[in-house]
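Colleague: okay, structure incoming, though there's no sequence with it:
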């Protein structure tokens with residue numbers, strides 16, 4: 001189309017300037033100069049506005065951050081703990097119950113962000129104990145049964161408020 005032709009006429013010269021950065025002998029200054037002078041056209045279908053998302057159906061953030069941030073058609077959901085929104089307490093010490101509640105909280109934040117589990121592209125699961133991996137997977141698979149986003153899972157030394165699991169996500173709006 002005419003738009004594609006115009007776009008490629010503007011993009012190809014920009015990419016050739018950027019290609020200097022892939023040359024391992026190029027200095028950092030040369031790469032920075034190439035990036036500063038590159039005029040890469042951008043698609044205007046998404047707003048560049050950044051919106052902080054806070055759902056009343058999920059627990060309030062336990063620090064100075066938003067439950068999620070939406071920008072450019074993408075949603076970055078902060079780590080969700082298995083806290084009950086109304087009380088701010090865990091349902092129990094059971095890893096399965098905390099996982100179920102954390103995923104329920106994730107669903108509520110995604111809904112507030114105009115998204116859903118089916119639009120999640122990546123999750124990160126943080127565990128207090130890697131031995132809980134199997135139990136977490138059992139609950140996780142109830143929420144991600146057919147759609148399976150990319151995922152990373154780590155055992156960490158401590159989680160906020162003594163949680164056993166925390167789950168964050170990246171999703172697409174819509």
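Modeller: Perfect, I can see it now. Just so it is clear, the structure is predicted and the values come from calculations on it, not from any experiment. Residues are numbered from 1 along each chain as shown.
Colleague: shaky segments in the chain?
Modeller: 1-47 (pLDDT under 70).
Colleague: tell me where it has strands.
Modeller: Across the chain, reading from the start of the chain, the strands by DSSP state E fall at 50-53, 68-71, 74-81, 120-127, 150-155, 165-172.
Colleague: will you turn these into a markdown table that also has mean neighbour count and distance to residue 100?
Modeller: For every residue, glycine as well, the C-beta is placed using N, CA and C. Below are the strands of the chain laid out as a markdown table (neighbours: other Cβ atoms under 10 Å; distance: least, Cβ to Cβ, whole Å):
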| stretch | mean neighbour count | distance to residue 100 |
| --- | --- | --- |
| strand 50-53 | 14 | 22 |
| strand 68-71 | 20 | 20 |
| strand 74-81 | 22 | 11 |
| strand 120-127 | 19 | 13 |
| strand 150-155 | 12 | 17 |
| strand 165-172 | 22 | 10 |
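Colleague: identify whichever of those lies nearest to residue 87.
Modeller: Relative to residue 87, the nearest member of the strands of the chain by Cβ to Cβ is strand 74-81, separated by 12.6 Å.
Colleague: got the angle for that closest one vs strand 120-127?
Modeller: Between strand 74-81 and strand 120-127, the angle formed by their directions is 20 degrees, by axes from the mean of the first three to the mean of the last three Cα atoms, to 10 degrees.
Colleague: show me what strand 74-81 pairs with in its sheet, parallel or antiparallel.
Modeller: Sheet pairing here is set by DSSP bridges, and for strand 74-81 it gives strand 68-71 (antiparallel), strand 165-172 (antiparallel).
Colleague: from the chain's centroid, how far away is the shortest one?
Modeller: Same thing as strand 68-71. How far strand 68-71 lies from its chain's middle: 9 Å, per Cα atoms, centre = their mean, to the nearest Å.
Colleague: list the residues that contact residue 66.
Modeller: Under the criterion of Cβ atoms under 8 Å, 6 or more residues apart in numbering, the contact list for residue 66 reads 52-54, 78.
Colleague: so which of the strands of the chain gets nearest residue 98?
Modeller: Taking Cβ to Cβ as the criterion, residue 98 comes closest to strand 165-172 out of the strands of the chain, the separation being 5.3 Å.
Colleague: if we can go back for a sec, among the strands of the chain, which is nearest residue 103?
Modeller: So among these, strand 165-172 is nearest, using Cβ to Cβ, at 6.5 Å.
Colleague: that older thread, now render the strands paired with strand 74-81 as JSON lines, adding distance to residue 135.
Modeller: Shown next, in JSON lines, are the strands paired with strand 74-81 (distance: least, Cβ to Cβ, whole Å):
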{"stretch": "strand 68-71", "distance to residue 135": "26"}
{"stretch": "strand 165-172", "distance to residue 135": "9"}
